[in-house]
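Engineer: Structure for the following, please:
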Amino acid sequence: MKTKPDPMPDMIHEDVNFISDILGIRVSFYWRPLITDNVTDTLRLWASPQTRRPFMIVLSMELHHMLKNNGGDYLLYLSKLKELSSILGQFGNSSQIIWLHQYPTIDPKHDEIFSDKIYHYNKDIRQILKVYSGIRIWDSSNQFAVEYIRGCAVHSQRETVGDFSLQYTTCKDFIHTGYTALSLATQLLYNDFCNIKLYGSIRSSI
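Structural biologist: Residues are numbered from 1 along each chain as shown. I've put the predicted structure just below:
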């Protein structure tokens, strides 16, 4: 397995590529927290018949749009999402398109990001994207995040390693779901990817 950058940073807020010569696959992570022209232009390029399209595209962009310093304009976000979804609809059956629901957070920690707000975003996102049969909403691992939040309410330090709190693993990070839940969610997502090969579709998606 080769990665770029190498070594991998602890917190990834940049583009990253994973390449496996053994499996013959390349996985690219693009740090695009906001729906901007950069995102839509890239997708338009991939949707072009002259371009080799990715086998699978996984997206999730909403949390950063909730912040006031990024505009915090809900209606503007929905407008941008409609533009984005129309581009994704151009892929048809040539690429698997998956939209990941935003997980709930540990409340109350923030006046701009909280679970009720995330729920309404997810609900309206589903209404916009359901028009396109080629876009699948993946929320099968939400129960892991919910159970993680319950665990934090009972014992907020249960995932602390000694005196050192690892990023994305402790209840001190109210936005990012902990490693235990993410590990289970990742395994479930891998299973769904395998189902595409075996059955031709993602069976556990809703």
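Engineer: Find the centremost residue of the chain, please.
Structural biologist: Note on the chain: the residue nearest the mean C-alpha position is residue 60, at 3.8 Å, using C-alpha atoms, centre = their mean.
Engineer: quick one, phi psi at the nearest residue to that residue once chain neighbours are set aside?
Structural biologist: Nearest residue to residue 60 in three dimensions, chain neighbours excluded: residue 100, at 3.8 Å (C-beta to C-beta, 6 or more residues apart in numbering). Just so you know, the C-beta spots here come from the backbone N, C-alpha and C atoms, and that holds for glycine as well. Dihedral angles of residue 100 (phi, psi; degrees, to the nearest 10) stand at phi -90, psi 130.
Engineer: Residue 100: what's it in contact with?
Structural biologist: Counting by C-beta atoms under 8 Å, 6 or more residues apart in numbering, residue 100 touches 58-60, 138-139.
Engineer: in the protein, which spans are strands?
Structural biologist: 2-4, 16-20, 25-29, 56-59, 96-100, 135-138 (DSSP state E).
Engineer: Quick check: residue 110 touching residue 174?
Structural biologist: Yes - checked against C-beta atoms under 8 Å, the pair residue 110 and residue 174 is within contact range at 6.8 Å.
Engineer: most packed of the strands of the chain?
Structural biologist: Ranked by average neighbour count under the criterion mean count of other C-beta atoms under 10 Å, the strands of the chain are headed by strand 96-100 at a mean of 21.
Engineer: For that one, which strands pair with it and how are they oriented?
Structural biologist: Its sheet considered, strand 96-100 pairs with strand 56-59 (parallel), strand 135-138 (parallel) by DSSP bridges.
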